[in-house]
Each structure stands twice: as structure tokens, then as C-alpha cells.
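**Student:** Sequence first, predicted model second:
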Number of protein chains: 2
Amino acid sequence: MTDLCEPTRSRKPSAPRRATLPQILNAAEWTFGTRGLKGTRVEEIAGLCGIPKANILYYFHSKEALYQATLARLLDIWLADADEWLSPERDPMEGMEGYIRAKMAFSRTRPEGSRLFAQELLSGGQMIQGFLKETLRAHVERHAEIFLAWQAKGLMRVIDPTHFMCLLWSGTQAYADMQVQFEALLDRESLLDTDYEAGIETFLTLIRPLFVQLG
Amino acid sequence: MTDLCEPTRSRKPSAPRRATLPQILNAAEWTFGTRGLKGTRVEEIAGLCGIPKANILYYFHSKEALYQATLARLLDIWLADADEWLSPERDPMEGMEGYIRAKMAFSRTRPEGSRLFAQELLSGGQMIQGFLKETLRAHVERHAEIFLAWQAKGLMRVIDPTHFMCLLWSGTQAYADMQVQFEALLDRESLLDTDYEAGIETFLTLIRPLFVQLG
DNA sequence: CATAAACCTGAACATCTGGTCAAAATTATC
DNA sequence: GATAATTTTGACCAGATGTTCAGGTTTATG
């Protein structure tokens, strides 16, 4: 997660490095996300950065290393939202809405990241086995416990917390991964803010009954 | 959709053709679904069929042509389930359950097909523009009208039919596309029948309140 | 069974692309 | 400002892989 990059770091990160590295990673996120690992040409990433291919291979020993670094940077950012909104103290329905909105915002503002992750899952997720089986698993289990606690207190109807969590995840993710499908179905050049809003509203309509006063 | 294949068909389909073609398409569905268009080597498909690479290029002029044919065959099968279960006559909740079960069964028994479609969407869906904007769009609109009719009759709570439809789609699709993620989260070597059943149950729990007697 | 169409396949080809390298240019540090 | 580390870059290489092709084999049809 830290430095998959070159120098032995006998100095602090130099100016050109600070400028070039993020640029490469951004371009890589876009390209890997829309073309996949195999479909991506290092030269295309280079082109997006306006630098020669060899320069990228200087910072990252291989295309695959760049892929992993791109993925790693993404996963780091990934989990914060959920922890902020889904906490035991917060009001359940308020937390759910916050989480869904945050996740949906991610799909809207950074769709390539979503797609990169999806690409990786589709092709078997070899590169993120560790993340899936440790970090993400712990993450989901933590939230599952929150749901179970809510259910025990009568604040939430009984529902399998893990599958429910996955349903939230996939439903929001879909607005990035299946963006073209939504555009076709809604007859849009590109999705509007109101479309994402309608998606959120649909979700909330479905979820609200889980949290109505039960007794 | 019909014949993207070779001969001028001055005879009826020959025996070797009837034997080889489906074999190729099956192998192609698996390979394209897990490796993507670029990631797939024609030779791997050939290997799965136990025939030489050149034989595949005899039936399909190019890798891309085979990709399109594979996709086309998939899309043909795709829409039948929905039409069977979501019809105006049928009891709403019964239809919903039937549809979800059918869609989930597809994700379980033919995950590579699901993944192939997802791959195509992720990379922009260039190959299936027509399908998305015409066939699928009409399909979804038809079902949206059924939902609206139910809502007008007071048989279903008000919810955006298109977004709701997409949510059903993506949630069931996820059990194929994000299979590795589910396996990691549920700590399974591979998903069990009970896992898919739990997924269905979670879905139904969420959907049922839409169809309770309203008045 | 003749014969034309369809099918099969090994070998060769052309291209694309990830990666290397050495030499030049730039930057950080004393 | 000297100098050592870092960065940049074009040219080149090697392997992978889609595609062609010619010649041989099998199959359908009369």
C-alpha cells in the first residue's frame, strides 16, 4: 500500500516524483477501469499523461505493478464512508441514508474506480485476495454486527445482514459499473444528477420499511 | 443473431458443424466471461474444445466475430425469464418471487454468461449498443408499465419502476459478477445452494412490503 | 461412387506491446 | 557550484498472438 515504487529513498520524494506519480495513477485508474488489465496499453496511459511510455516503466517496474498500485490506492479510500455512517450510535435509518448517498456519490464522481474494482472481481480477484478475505471481510462483519444489534433492540426488522450489505453494495455500484446500461434504459447521453437522486430514492423506499417502528 | 458464420449454406448444416459450433460457443462464453475480450487467447478456447486454433478461425472470421456471436447467443436467451414471470395477469408478489428465483438461478448455473455481459458493459458496451437501446429498453419499458398498472390498482406501493427494475437486475447479477467477493465474505470455497437461497430470501424480505395490502 | 462443397490443420506471417538499456538531462544535497 | 542520485527518453528487443494460406481430409448429395 505504501511504496511500490523505485528509489531506495535516501532522500525525500523529489519534486518531479510528486508531480508525475499521481498523474500516472489517475490515468491508470481511468484506463484500467475501462479497458481492464489486459486491454490496457501502457502507451495509452503514457499518452494521457503526456509522457513517454518508458517514463511510466521507470516509476513502476511493470504494467502489473502499476495495476496493483492503482488498485491499492483505490481500496485505501474505499471503506471510509461506511464506517462514518454505519455506527452503533447513529440513528439507523439516518445512517443508512447517509451511507447510500455516500456510496452513490462515489459511483457518480469516480466511476472508473468502481469499474476497476469490478473488472478485478470479474477476472477472479487474484490481485486482491488479501483485501477481500481480510480487510473487507472484517469490515462487513463489523457492520453486520451493528445490524444485528439494531435487530436485537427492535430497531430493524430481521434480515440477513451480510446479504443485505452486499445488496446495498451492488445496487449502488451498479450506477457506475452498468452506467451505459442505465444511460440506454433512461435514454440519456449521460446520467443526470436527478437520475442518481431517483436511484437513491428508490433504494430508500425499499429500505424504509425495515426501520419503521415495530412495536 | 442468425449466422455470423461461414458457408453460403447451399446445403443444410453439416454434422461436424452441428457438433463443433456449440462447443466453440460454450468455451468462448467461459473464456470471454472470465478473461474479457482482450484477455482471451483464441488458443485457450481451442484448447478447451480440443481442436486447433485455426479450426476456430475457420468458423469465425476473427476473435471479435466470435465474441459478438457469443454475446448474441447469450442475449437471445436472456430475456425470456422476465417475460414469463412479470405479466399483468399474474399475482404481483408471486411474479416477483418467480422472477428473482429465475434470475438468481441463471447467476448460479451460468455465471460466465453474466460475467461476459458485465465485462462488455464495463468496457463501454460498444458491441451491444443496439441491444441496449432497442431490445432491452423496450423490454424494461414493458415491465415498467406492468409495475405502473399494479401501482394504479393499489396492488403495489409507488416506486420508480425503471430504477426498481435495475435494482433487481443488479442485485441478482451480483451473485455471478461478484462471486469471488461473496465467497470471501461468506468464507466459502464456493457458494452453496443455501447461500443463493439466503440471497433470494433477503431480496424477498426487502420487496414484500411493496405488495402488502395497502388499504 | 463421383464430385463438389465443406471442413480441418500445421506452418508461416505480421503486428502489437511490455520491457530493457544506455546515454543525456535534471534535481537534490553538501 | 560540485557531484551524486534521480529522472527522462528514444531506440531496440523478444515474446505473444491474431490471422492467413495452401494443401489435405471428410462429408453431403446426386
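**Tutor:** Cool, the structure landed. Numbering: from 1, shown residues only, chains lettered A, B, ... in the order given.
**Student:** I figured residue A:36 hits residue A:123, correct?
**Tutor:** Yes - contact status for residue A:36 versus residue A:123: in contact at 7.3 Å, counting by C-beta atoms under 8 Å. Any C-beta I mention is one placed from the backbone N, CA and C, and that applies to glycine too.
**Student:** Tell me which of these two has more neighbours.
**Tutor:** residue A:36 (25 against 20; other C-beta atoms under 10 Å in any protein chain shown).
**Student:** Now name the helix or strand holding the more buried one.
**Tutor:** Assessed by DSSP states H and E, residue A:36 sits inside helix A:15-39.
**Student:** which residues are common contacts for residue A:36 and residue A:123?
**Tutor:** By C-beta atoms under 8 Å, 6 or more residues apart in numbering or on different chains, residue A:36 and residue A:123 have these common neighbours: B:36, B:39.
**Student:** Distance check, residue A:103 against DNA strand D.
**Tutor:** From residue A:103 across to DNA strand D, the span is 35 Å (C-beta to the nearest atom of the strand, to the nearest Å).
**Student:** what comes up buried for the lowest-mean-pLDDT helix or strand in chain A?
**Tutor:** The helix or strand of chain A with the poorest confidence is helix A:80-85; it has a mean of 77 (mean pLDDT, DSSP states H and E). By neighbour count on 16 or more other C-beta atoms under 10 Å in any protein chain shown, the buried set for helix A:80-85 is A:81-82, A:85.
**Student:** So which residues of chain A form helices?
**Tutor:** Using DSSP state H, the helices found in chain A span residues A:15-39, A:42-49, A:53-59, A:63-78, A:80-85, A:92-109, A:111-122, A:129-130, A:137-152, A:161-177, A:179-186, A:193-207.
**Student:** For those, give me CSV that also has distance to residue B:213.
**Tutor:** Shown next, in CSV, are those (distance: least, C-beta to C-beta, whole Å):
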stretch, distance to residue B:213
helix A:15-39, 46
helix A:42-49, 57
helix A:53-59, 62
helix A:63-78, 42
helix A:80-85, 33
helix A:92-109, 24
helix A:111-122, 39
helix A:129-130, 48
helix A:137-152, 25
helix A:161-177, 25
helix A:179-186, 31
helix A:193-207, 18
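**Student:** Could you identify which of the ones you listed has the lowest mean pLDDT?
**Tutor:** By mean pLDDT, the lowest-scoring of those turns out to be helix A:80-85, with a mean of 77.
**Student:** so what does that helix touch, helix or strand wise?
**Tutor:** If contacts are counted by 3 or more C-beta pairs under 8 Å, 6 or more residues apart in numbering or on different chains; DSSP states H and E, helix A:80-85 sits against helix A:92-109, helix A:137-152.
**Student:** Comparing those helices, which comes out most buried?
**Tutor:** Counting by mean count of other C-beta atoms under 10 Å in any protein chain shown, helix A:92-109 has the highest mean neighbour count of the helices and strands packed on helix A:80-85, with a mean of 18.
**Student:** For that one, give me every contacting residue.
**Tutor:** A:81-82, A:84-87, A:90, A:113-114, A:150, A:155-156, A:168-169, A:172-176, A:191, A:196, A:199-200, A:203-204, A:207-208, A:211.
**Student:** so that helix versus helix A:179-186, what angle?
**Tutor:** 100 degrees (axes from the mean of the first three to the mean of the last three C-alpha atoms, to 10 degrees).
**Student:** could you give the angle of helix A:92-109 to helix A:111-122?
**Tutor:** Orientation check (the same axes, to 10 degrees): helix A:92-109 against helix A:111-122 gives 100 degrees.
**Student:** Alpha carbons only: can I get helix A:92-109 in PDB?
**Tutor:** Only the C-alpha atoms of helix A:92-109 are listed here, as PDB (Å, rounded to 0.1, in the frame of the first residue of the first chain):
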ATOM      1  CA  PRO A  92     -30.300   3.500  11.900                       C
ATOM      2  CA  MET A  93     -32.400   5.000   9.100                       C
ATOM      3  CA  GLU A  94     -30.300   8.200   9.100                       C
ATOM      4  CA  GLY A  95     -27.100   6.100   8.900                       C
ATOM      5  CA  MET A  96     -28.500   4.000   6.000                       C
ATOM      6  CA  GLU A  97     -29.400   7.100   4.100                       C
ATOM      7  CA  GLY A  98     -26.100   8.700   4.600                       C
ATOM      8  CA  TYR A  99     -24.300   5.500   3.600                       C
ATOM      9  CA  ILE A 100     -26.300   5.100   0.400                       C
ATOM     10  CA  ARG A 101     -25.800   8.700  -0.500                       C
ATOM     11  CA  ALA A 102     -22.100   8.500   0.100                       C
ATOM     12  CA  LYS A 103     -21.700   5.300  -1.900                       C
ATOM     13  CA  MET A 104     -23.800   6.600  -4.700                       C
ATOM     14  CA  ALA A 105     -21.700   9.800  -4.800                       C
ATOM     15  CA  PHE A 106     -18.600   7.700  -5.300                       C
ATOM     16  CA  SER A 107     -20.200   5.900  -8.200                       C
ATOM     17  CA  ARG A 108     -21.100   9.200  -9.700                       C
ATOM     18  CA  THR A 109     -17.800  11.100  -9.200                       C
END
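**Student:** now that helix: how far from the chain's centre is it?
**Tutor:** 12 Å (C-alpha atoms, centre = their mean, to the nearest Å).
**Student:** domains of chain A?
**Tutor:** A:15-73, A:79-211 (automatic domain parsing).
**Student:** How far off centre is stretch A:58-69?
**Tutor:** 20 Å.
**Student:** As TSV, the buried residues of helix A:80-85 with distance to DNA strand D would be great.
**Tutor:** Output for the buried residues of helix A:80-85, formatted as TSV (distance: C-beta to the nearest atom of the strand, whole Å):
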residue	distance to DNA strand D
A:81	32
A:82	35
A:85	38
